[in-house]
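Chemist: what follows is a predicted protein model with its sequence.
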Amino acid sequence: GEDVEQSLFLSVREGDSSVINCTYTDSSSTYLYWYKQEPGAGLQLLTYIFSNMDMKQDQRLTVLLNKKDKHLSLRIADTQTGDSAIYFCAESPPDDSWGKLQFGAGTQVVVTP
Amino acid sequence: DAGVIQSPRHEVTEMGQEVTLRCKPISGHDYLFWYRQTMMRGLELLIYFNNNVPIDDSGMPEDRFSAKMPNASFSTLKIQPSEPRDSAVYFCASRGTMGLGDGYTFGSGTRLTVV
């Protein structure tokens, strides 16, 4: 199964907040990432958090990290139709920290008017 | 920088034909990754290179798939012979080692359809 797990689908109304959740298995992961994939495009890095942080805020995006529970979340404030996309959580395992990332299956976010 | 450049964007080929996908990583990035994305299996890592050397090819489905990186600015993924089940979007990504927080930069992908 997946080392990084995400729910597959989220529907949210325009203007509301979205929260996308992710759980990971390697408690010693150094960096955790959120990527966004719009239709017909590649994955785009949205934000990341270092494992010694609990929270990171970047404009409408807030990343929360609970290392004890190995839980990562991405909150999007004032969700817009342009936020409709697939969101991937990824971790950078320390045994290959300069190399490959482990991605989750992605959460499809649909924003409705 | 123009980002990671992949070609072609779309490829339609007949079963049994050879397919070559191309990737130009970001200049200065010393890691290059090939991924495949399908609805059924999601995003799968096929192979990755460090300094042009293949590090892990355990994700390559079978011997029909091969990848090369002859220099720091070019990589190919070849499928010979192609089969309908190879239909997917193939992504190339590159990464530098200046900072882990930079993550990967993905190309726009090649949508392969094998009929």
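Modeler: Sure thing, it's come through. In this text the structure is predicted, and so the values were computed from the model without any measurement.

Chemist: number of nearby residues for residue 85?
Modeler: I'll assume chain A. 21 (other Cβ atoms under 10 Å in any protein chain shown). In this view, the C-beta of every residue, glycine as well, is placed from N, C-alpha and C.

Chemist: that was the other one, I meant chain B.
Modeler: B:Arg85: 11 neighbours (other Cβ under 10 Å).

Chemist: SS state for it?
Modeler: helix (DSSP: H, G, I helix; E, B strand; the rest coil).

Chemist: which helix or strand contains the residue most central in space within chain B?
Modeler: Nearest to the mean C-alpha position of chain B, by Cα atoms, centre = their mean, lies B:Trp34 at 3.1 Å. Here B:Trp34 sits within strand B:31-38, counting by DSSP states H and E.

Chemist: check which helices and strands that strand sits against.
Modeler: strand B:42-50, strand B:74-79, strand B:88-95 (3 or more Cβ pairs under 8 Å, 6 or more residues apart in numbering or on different chains; DSSP states H and E).

Chemist: so what strands line up beside it?
Modeler: strand B:42-50 (antiparallel), strand B:88-95 (antiparallel) (DSSP bridges).

Chemist: buried ones in it?
Modeler: For strand B:31-38, burial by neighbour count (16 or more other Cβ atoms under 10 Å in any protein chain shown) applies to B:31-37.

Chemist: which one of those is nearest B:Pro81?
Modeler: B:Arg36 (17.0 Å; Cβ to Cβ).

Chemist: export the helix or strand hosting A:Leu65 as PDB, just CAs?
Modeler: Element membership for A:Leu65, per DSSP H and E: strand A:61-66. Extracted in PDB, the C-alpha atoms of strand A:61-66 (Å, rounded to 0.1, in the frame of the first residue of the first chain):
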ATOM      1  CA  LEU A  61      -2.200  28.400   2.400                       C
ATOM      2  CA  THR A  62      -1.600  27.100   5.900                       C
ATOM      3  CA  VAL A  63       0.300  23.900   6.400                       C
ATOM      4  CA  LEU A  64       0.000  22.100   9.800                       C
ATOM      5  CA  LEU A  65       2.300  19.300  10.800                       C
ATOM      6  CA  ASN A  66       1.700  16.900  13.700                       C
END
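
Chemist: got the residues of chain A near chain B?
Modeler: Residues of chain A that fall close to chain B, judged by Cβ under 8 Å from any Cβ of the partner chain: A:30-31, A:33, A:35, A:41-45, A:48, A:50, A:88, A:90, A:92, A:97-101, A:103, A:105-106.

Chemist: so which of the residues you listed belong to strands?
Modeler: A:31, A:33, A:35, A:43-45, A:48, A:50, A:88, A:90, A:92, A:103 (DSSP state E).

Chemist: so in terms of bridging, what pairs with A:Ile76?
Modeler: A:Ser18, A:Leu61.

Chemist: hey, what's B:Leu24 bridged with?
Modeler: One correction, residue B:24 is Lys, not Leu. Bridge pairing for B:Lys24 - DSSP bridges - gives B:Ile5.

Chemist: thought it was touching B:Gly3?
Modeler: No. Using Cβ atoms under 8 Å, B:Lys24 makes no contact with B:Gly3, being 9.2 Å away.

Chemist: those two - which one has more neighbours?
Modeler: Relative neighbour count places B:Lys24 above the other of B:Lys24 and B:Gly3, with 18 against 14, counting by other Cβ under 10 Å.

Chemist: fine by me, we can end here.
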